[in-house]
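A.B. asks: Next one to model:
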Amino acid sequence: MAAQVTRIVIFAKEPVPGRVKTRLIPVLGPEGAARLAGEMLDRAIKEARATGLAVELCGEPHAAAWFDGPVALTGQGEGDLGERLARAAERVLPQEPVLFVGADCPSLDSRRLIAAAEALATHDAVIHPAIDGGYVLLGLSRFDPSPFDGIAWSTESVCAETLGRLAALGWSVDVRETLADVDEPEDLALVAPR
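C.D. replies: Numbering: from 1, shown residues only. Here you go, the predicted structure:
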């Protein structure tokens, strides 16, 4: 089954105060926002590892410089988000399908990750749209740079633009349920206190 060879690549920044979750700083402060980012990353890695699939943390800067854990560690490199995602996709896809995720969607659990990986057995791409117009997961079973090139990142049109690019390629796409991520102060209700 394709899900057994799929690689989950988690894109994340080092949780440094003032550099991550900056839209949450007015509510949480720089340290609190960084702490939340670290907790969410730990949760994302735990859910990814629970799938039994290969897991990679693709960090900015290179994950090996700041993360010590039981996953493969790589770096995002230079460029905008699209260039970094395209580079990672081109690296992984010759060997196996890939699921790209961030660390800020609490409901992207192991069950949804496995279902997305299984979708790649019969589709060229799978996507979980985000409520804010982006996406929280993009899975691919083949490579082309166009789904990443010239996208207006961090806008409400990201998912629509990406779906348009995939349609232009003639690829089959499994569009999964729309999920919420934690970017703005009003999103903090999604993160249950521990």
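A.B. asks: which intervals of this protein have sub-threshold pLDDT?
C.D. replies: 1-4, 192-194 (pLDDT under 70).
A.B. asks: If we use 50, what do you get?
C.D. replies: 1-3, 194 (pLDDT under 50).
A.B. asks: Pull the residues that contact the lengthiest helix in it.
C.D. replies: The residue-count maximum for a helix in the chain (DSSP state H) belongs to helix 25-49. Helix 25-49 has contacts (C-beta atoms under 8 Å, 6 or more residues apart in numbering) with 8, 10, 12-13, 15-22, 24, 55, 57, 69-71, 101-106, 108-110, 113, 182, 185, 188, 191, 194. No exception for glycine: its C-beta is placed from N, CA and C like everyone else's.
A.B. asks: If any of those are buried, give me the PyMOL selection for them.
C.D. replies: Here is the PyMOL selection string for the buried members of the contacts of helix 25-49, based on 16 or more other C-beta atoms under 10 Å:
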select buried, resi 8+10+12+13+15+20+21+24+55+57+71+101+102+103+104+105+106+108+109+110+113+182
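A.B. asks: quick one: which of the contacts of helix 25-49 sit in strands?
C.D. replies: Among the contacts of helix 25-49, the ones falling in strands (DSSP state E) are Ile8, Ile10, Ala12, Lys13, Val55, Leu57, Val101.
A.B. asks: so the last one sits right up against Gly139, yeah?
C.D. replies: Pointing back at Val101 there. No - the pair Val101 / Gly139 is not scored as a contact, 9.1 Å apart, by C-beta atoms under 8 Å.
A.B. asks: for Ala89, helix, strand, or coil?
C.D. replies: Following DSSP: H, G, I helix; E, B strand; the rest coil, we place Ala89 in the helix state.
A.B. asks: which residues does it contact?
C.D. replies: So, once contact is read as C-beta under 8 Å, 6+ apart, Ala89 ends up touching Val98, Phe100, Leu140, Phe143, Phe148.
A.B. asks: taking the contacts of helix 25-49 one by one, which sit in helices?
C.D. replies: Counting by DSSP H, those contribute Ser110, Leu113 to helices.
A.B. asks: picking that back up, buried set for the longest helix of the chain?
C.D. replies: 25, 28, 30, 33-38, 40-41, 43-45, 47-49.
A.B. asks: Stretch 139-146 now?
C.D. replies: Gly139, Leu140, Ser141, Asp144.
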